[in-house]
Every structure is written in C-alpha cells, then in structure tokens.
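K.L.:
Structure, please.
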Amino acid sequence: MFSNPVNPKQDRKGSTSPSGAGKNNEDKNDSVDSVADQEVLSSGSGSEEENVPVEIEIRIPAQDDTLSGSTPEVIFSGGDEEPDESGQEEHKEEAQRGPSIRFLNLGDIFGNGGGFGQTGPKVKKKKKRLHKPVFSIDDIPAPHRIKEELDKYVIGQEKAKKFISVAAYNHYKRVRTGTMDEIEIEKSNILLIGPTGCGKTYLVRTLAELLDVPLAISDATALTEAGYIGDDIESVISKLLAAADNDIEQAEKGIVFIDEIDKIAKKRNTNSRDVSGESVQQGLLKILEGAEIEVPVGAGSKNAMVPLATVNTRNILFICGGAFPNLETIIRERLRKQTSFGFGAQLRDAFDNDKNILDKVTNEDLRRFGMIPEFIGRLPILCTLQGLDTEMLVRILKEPRNAILKQYQKLLALDEVDLRFEDDALEAIAAKALERDTGARALRSVIEDFMMDIMYEIPKDDNIGTVTITRAFVEGKGGPVISIRTEHPRQIAMNLSGNEERRQNEQNESE
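P.N.:
Modelled structure (predicted):
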C-alpha cells in the first residue's frame with residue numbers, strides 16, 4: 001500500500017480551485033513527487049486546504065490465475081474524490097506520517113522459480129548415450145580390457161588405442177588412490193597428432209562413454225584471451241560442468257577434449273597482439289596443470305546473472321588434438337640435417353616417402369611449429385595417428401558395432417527390404433572417400449550420393465525384397481540389382497541425375 005498527500009481540490013491538469021489559491025502548472029505531466037512537494041509548501045504557509053492521501057492498491061492474482069493469463073490489477077483511490085468529513089482527521093495524521101510502504105515476498109506468490117507460473121527449477125533431461133557404459137572409474141579395469149572395448153568401435157590406430165588405454169588407466173588409478181606414501185602422482189595429459197578424419201575425436205568420445213564420465217569437446221579456434229571477442233578459456237570447464245548436469249564432483253572427474261589445438265600456435269612475423277594464439281596457450285597452462293576455476297552455473301558467460309561454481313581441474317583428464325599441417329616438413333628438415341656424410345650417409349630424400357614420419361616427432365619440432373615449451377610440457381603423452389588408406393576405410397564401413405553399412409541396412413529393414421553390398425562396391429566407396437581427403441568423414445557423404453535415389457524409389461513398391469549395391473552403381477555406370485519377392489533378381493535403372501542419367505540411357509539403348 002502506497003500513500004502520498006495530494007490536494008483534493010486540484011484537478012488532473014494541475015489547476016487549483018476558482019478562489020485563486022495556487023497557480024497553474026506549466027507541464028501537464030508533472031510527476032507525483034513534484035505535486036507532493038508543492039502541497040507540502042502550501043500546508044506549511046498556513047493554507048486551509050486539507051491533504052488527502054492517494055491510495056494505490058495492487059491486487060496480484062493467485063498462481064492459478066497467472067497460468068490462465070490474468071494480470072495484476074492496479075486500483076487508484078483518492079485524488080479527485082471528495083473525502084469523507086468523518087475521516088478528515090485520520091487522513092491528516094496519515095499525511096503527516098508520510099507514505100506507507102509494504103513489501104511483498106514474490107517468491108511466496110510465484111513459487112521457487114521466481115517467475116509467473118513457475119513452480120521451481122526445470123529438470124534437465126538426460127542425454128541418451130551412444131554406447132552403454134562398460135566400466136566404472138571407481139574400479140578401473142586393466143589397459144588391455146579398455147583396448148578390447150575400443151576395438152569394437154574404433155578400427156585401426158592400434159598405437160593410439162594402446163596409448164590412450166594406458167593413460168586413462170593410470171589417470172583414474174591416480175584419482176582413486178590420491179597420494180601414496182606421501183608421493184603425489186602428477187597428472188599426465190595427452191596430445192593426439194593426426195590428419196583430418198583419422199578418428200581423434202571419435203576415439204576420445206568412445207572412451208568417455210565406455211568409462212561413463214562427462215565429456216566436453218571444445219574447438220580451440222573459438223578461444224581468445226579474456227576481454228576479446230570469442231570464448232573465454234574458462235568456457236571449456238563450463239561445457240564440462242554442463243555435461244555433468246552441473247554436478248561439480250562428477251565434472252572434476254571428467255574428460256576435456258580440445259580439438260584443433262594446432263590453430264593456437266604462435267603467429268610468425270606479426271607485430272600485433274596474438275590474442276588467439278600464444279595468449280590462449282598461456283591461459284591454458286594453469287587449467288592443464290590443475291587449478292580452481294570459477295565458472296558460471298547454467299550459462300556460458302560470467303556476465304550473466306547466475307551463481308558461480310568453483311571447479312578444481314586437478315583430476316580432469318585433458319586431451320588435445322590437431323592435424324598440425326606442415327609438421328611433417330619440419331620433421332624431415334630436422335632429419336635431413338642429422339644425415340651423416342660418407343659412404344654410410346643416407347640419401348636426403350630418404351624421408352620423403354616415409355608414411356610414418358609423424359612417429360618421429362619431438363618436442364623441438366612442436367616448438368618450431370609454434371607451440372610454447374610450457375604448453376608442450378603440460379602434455380607429456382605424445383601420440384600420433386596415421387592417415388586412413390583404402391583397406392582401413394573398407395573395414396570402417398563394415399566391422400564396427402555401429403558401422404555405417406549396418407545403419408543403412410537397418411533403415412531399409414524397417415521397410416522390410418534387405419540391403420546388400422558387393423565387396424568391390426565397398427572398395428569403390430572407399431576409393432571415392434579417399435579422393436575427398438577428409439578421412440572417414442567422407443564415407444557417409446559418398447554413400448548418401450547413391451543411397452538417396454534408392455531410399456526415395458524403394459518405398460514406392462512393396463514387392464521389392466532385396467537391393468544389392470554394385471560397383472557399377474557406385475561409380476555411376478549402372479544400377480543396383482533389385483530382387484522382387486516373387487521373381488528372379490534383375491538390374492533396374494534408378495532416377496540418376498546429370499551425366500550419370502544420360503550415360504545410363506545410352507547404355508540401355510546400345511543393349
């Protein structure tokens with residue numbers, strides 16, 4: 001309830017009674033405060049006019065009404081109304097006391113949420129995992145068992161799977177035991193080096209799901225020094241806390257994967273401040289080593305009006321990955337300088353065709369690439385991954401538990417159609433993917449190119465029982481083999497596009 005003394009004879013335009021008491025206000029939109037000040041002065045000069053409070057009553061609807069769309073009701077009383085003579089003395093006393101203010105607890109009215117129609121904080125729906133958790137970090141299994149599970153999903157990269165299995169085993173064994181005989185075991189983070197599409201991100205994601213720990217994947221290209229446009233360095237911890245459903249204890253045992261780490265290398269021959277390169281490396285040092293970081297809960301910026309949580313990164317496993325282009329050239333230059341002279345000297349081009357040249361990388365090579373020594377020292381486990389060849393791509397197509405071919409076969413099985421692939425068709429798919437130079441990511445793109453027509457045409461005919469993908473169909477020189485449920489298999493032409501359609505029509509005419 002709010003009360004403010006106002007002259008009862010004063011109209012809304014600010015004019016006084018015809019007797020001449022007072023002057024007209026020049027502004028029709030004077031505030032209530034200015035009117036109140038004017039009347040206080042007039043009362044102090046001995047005016048016979050009486051002050052009457054203006055009462056403002058706010059009626060807030062119940063919670064059920066707010067849900068139905070009702071709005072608070074504001075009621076004004078007093079002002080132009082002629083006061084009751086019997087209550088004039090009471091109004092004078094209220095005017096002398098000044099305005100009366102009563103505070104309402106909106107939390108009691110609207111619930112814990114503090115907003116209209118909210119009864120409490122929203123419950124976050126848990127994300128569905130791709131793989132069922134197999135292990136528990138409280139009882140971490142031996143490295144060979146971790147690798148056996150990784151083999152079911154990740155094809156090839158035997159060295160990388162062995163490295164990451166041992167690193168995860170030692171890390172969570174260290175987390176579980178803490179200190180042993182007053183000897184503190186330091187954390188060993190991992191650096192993965194390999195070309196695009198070789199399986200770095202997929203390997204880390206599979207490991208986190210098998211261990212049932214929260215995982216945050218961040219892109220280093222978006223990180224900048226504090227105060228500049230971009231994501232703050234602490235945002236990687238904010239993502240981990242969000243992945244753990246804001247459970248700090250779970251987040252402190254999680255895994256953070258920072259991809260494209262090679263993009264924050266020091267810039268050469270520049271006089272401007274390197275806010276997205278060396279400065280980001282410097283900012284990541286304390287997080288990688290272990291420190292208490294304040295991050296917002298439920299938001300990505302500290303500027304938001306949200307509470308802050310303190311997360312200790314001492315037991316968080318950090319894995320950084322990158323393609324590191326031109327690193328092979330740096331390694332070859334170093335090896336050529338080390339080549340001896342004389343009859344036993346190696347040829348200077350002996351390392352040009354070495355497919356495993358990345359295995360010979362050293363910290364000095366990374367320093368020359370642009371990584372600062374302090375940053376390299378906080379990633380002691382250095383692991384390289386090899387590029388994928390045709391044979392490995394064929395295995396990726398059919399061997400993993402969630403292989404791409406199995407996914408398409410399941411899609412057509414829902415239409416009661418059996419999808420099959422000839423062996424030479426798989427080789428053609430792998431060869432096309434290899435040409436795109438994006439690793440295993442290109443496999444799905446290649447398959448979508450020819451499967452789109454099949455998935456469009458097949459549902460038209462309920463009599464189709466089997467579809468066999470041939471090499472000619474993958475290469476655009478023919479069609480798939482269709483088997484009708486009551487007939488023998490036959491080859492039909494799909495609605496191909498462009499040159500492939502014209503080539504198919506010409507082939508049919510010649511036959």
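K.L.:
going forward, measure contacts between C-alpha atoms and count neighbours the same way
P.N.:
Will do.
K.L.:
Now do the contacts for Tyr408.
P.N.:
By Cα atoms under 8 Å, 6 or more residues apart in numbering, the contact list for Tyr408 reads Leu419.
K.L.:
what's the distance between it and Phe421?
P.N.:
Here the criterion is Cα to Cα, to the nearest Å. By it, Tyr408 lies 11 Å from Phe421.
K.L.:
cool, and Ile464?
P.N.:
Separation of Ile464 from Phe421 (Cα to Cα) stands at 16 Å.
K.L.:
Ok, Pro380 next?
P.N.:
44 Å.
K.L.:
can you check Val166 too?
P.N.:
The value you get for Val166 to Phe421, if Cα to Cα is used, is 37 Å.
K.L.:
Show me the domain layout of the protein.
P.N.:
Under the assignment automatic domain parsing, the domains of the chain span 2-110, 137-384, 390-510.
K.L.:
Mind telling me what element the closest residue to Arg485 other than its chain neighbours is part of?
P.N.:
In this structure, Arg485 finds its nearest non-sequential neighbour in Gly465, 5.1 Å apart by Cα to Cα, 6 or more residues apart in numbering. In this structure, Gly465 is located in strand 464-469 according to DSSP states H and E.
K.L.:
Can you list the strands that that strand pairs with?
P.N.:
Here strand 464-469 has these sheet partners by DSSP bridges: strand 418-421 (parallel), strand 481-484 (antiparallel).
K.L.:
Beyond the first one, next helix or strand please.
P.N.:
Read in the C-terminal direction, the helix or strand following strand 418-421 is helix 423-436, with elements assigned using DSSP H and E.
K.L.:
Using PDB, write out every CA atom in that next one.
P.N.:
Coordinates of each C-alpha in helix 423-436 appear next as PDB, following Å, rounded to 0.1, in the frame of the first residue of the first chain:
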ATOM      1  CA  ASP A 423      32.800 -56.400 -52.000                       C
ATOM      2  CA  ASP A 424      34.100 -54.500 -55.000                       C
ATOM      3  CA  ALA A 425      31.300 -51.900 -54.300                       C
ATOM      4  CA  LEU A 426      32.900 -51.300 -50.800                       C
ATOM      5  CA  GLU A 427      36.300 -50.800 -52.400                       C
ATOM      6  CA  ALA A 428      34.700 -48.200 -54.800                       C
ATOM      7  CA  ILE A 429      33.100 -46.400 -51.900                       C
ATOM      8  CA  ALA A 430      36.500 -46.300 -50.000                       C
ATOM      9  CA  ALA A 431      38.300 -45.100 -53.100                       C
ATOM     10  CA  LYS A 432      35.900 -42.200 -53.600                       C
ATOM     11  CA  ALA A 433      36.100 -41.300 -50.000                       C
ATOM     12  CA  LEU A 434      39.900 -41.300 -50.100                       C
ATOM     13  CA  GLU A 435      39.800 -38.800 -53.000                       C
ATOM     14  CA  ARG A 436      38.000 -36.300 -50.900                       C
END
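K.L.:
Which positions in it come out as buried?
P.N.:
Ala425, Leu426, Glu427, Ala428, Ile429, Ala430, Ala431, Lys432, Ala433, Leu434 (16 or more other Cα atoms under 10 Å).
K.L.:
Summarise which helices and strands it is packed against.
P.N.:
helix 390-398, helix 441-457, helix 471-474 (3 or more Cα pairs under 8 Å, 6 or more residues apart in numbering; DSSP states H and E).
K.L.:
Pull out the buried residues from the shortest one.
P.N.:
Counting neighbours by 16+ other Cα under 10 Å, one finds that the buried residues in helix 471-474 are Arg471, Phe473, Val474.
K.L.:
Nearest to Asn402, out of these: which one, please.
P.N.:
Checking the buried residues of helix 471-474 against Asn402 with Cα to Cα, the nearest one is Val474 at 22.0 Å.
K.L.:
what helix or strand does Val213 sit in?
P.N.:
Counting by DSSP H and E, Val213 is found in no helix or strand.
K.L.:
Tell me who's in contact with the nearest residue to it once chain neighbours are set aside.
P.N.:
In space, and not counting its chain neighbours, Val213 is closest to Gly254: 5.3 Å by Cα to Cα, 6+ apart. Gly254 sits next to Val213, Pro214, Leu215, Leu240, Asn315, Ile316, Leu317 when contact means Cα under 8 Å, 6+ apart.
K.L.:
Kindly list the main-chain dihedrals of Gly254?
P.N.:
Phi and psi for Gly254, reported as degrees, to the nearest 10, are phi -90, psi -170.
K.L.:
confidence score at it?
P.N.:
If you check Gly254, the pLDDT there is 95.
K.L.:
What ranges in the stretch 51-200 of the chain fall below the confidence cut-off?
P.N.:
Where the stretch 51-200 of the chain drops to pLDDT under 70, the residues are 51-135, 179-182.
K.L.:
mean pLDDT lowest for which of the domains of the chain?
P.N.:
Mean pLDDT values for the domains of the chain show the minimum at domain 2-110, a mean of 49.
K.L.:
Only alpha carbons, please: show stretch 232-249 as PDB.
P.N.:
In PDB, the C-alpha atoms belonging to stretch 232-249 read as follows (Å, rounded to 0.1, in the frame of the first residue of the first chain):
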ATOM      1  CA  ASP A 232      37.000 -17.300 -22.700                       C
ATOM      2  CA  ILE A 233      39.400 -20.100 -21.800                       C
ATOM      3  CA  GLU A 234      37.200 -21.000 -18.800                       C
ATOM      4  CA  SER A 235      34.400 -21.900 -21.200                       C
ATOM      5  CA  VAL A 236      35.900 -25.300 -21.700                       C
ATOM      6  CA  ILE A 237      35.300 -26.000 -18.000                       C
ATOM      7  CA  SER A 238      31.800 -24.500 -18.300                       C
ATOM      8  CA  LYS A 239      31.000 -27.000 -21.000                       C
ATOM      9  CA  LEU A 240      32.200 -29.900 -18.800                       C
ATOM     10  CA  LEU A 241      30.100 -28.700 -15.900                       C
ATOM     11  CA  ALA A 242      27.100 -28.600 -18.200                       C
ATOM     12  CA  ALA A 243      27.800 -32.100 -19.500                       C
ATOM     13  CA  ALA A 244      27.900 -33.300 -15.900                       C
ATOM     14  CA  ASP A 245      24.400 -31.700 -15.300                       C
ATOM     15  CA  ASN A 246      26.000 -29.100 -13.000                       C
ATOM     16  CA  ASP A 247      27.400 -31.800 -10.700                       C
ATOM     17  CA  ILE A 248      30.800 -30.400  -9.600                       C
ATOM     18  CA  GLU A 249      32.000 -33.700  -8.200                       C
END
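K.L.:
In that stretch, which residues are buried?
P.N.:
Buried-residue list, stretch 232-249, by 16+ other Cα under 10 Å: 232-246, 248.
K.L.:
Could you tell me which of those residues belong to helices?
P.N.:
If you go by DSSP state H, the buried residues of stretch 232-249 have Ser235, Val236, Ile237, Ser238, Lys239, Leu240, Leu241, Ala242, Ala243, Ile248 in helices.
K.L.:
separation between the first one and Glu292?
P.N.:
When you say that, I think you mean Ser235. For Ser235 relative to Glu292 (Cα to Cα), the value is 14 Å.
K.L.:
that older thread, residues in contact with the residue nearest to Arg485?
P.N.:
Glu416, Val417, Asp418, Ile482, Ser483, Ile484, Arg485.
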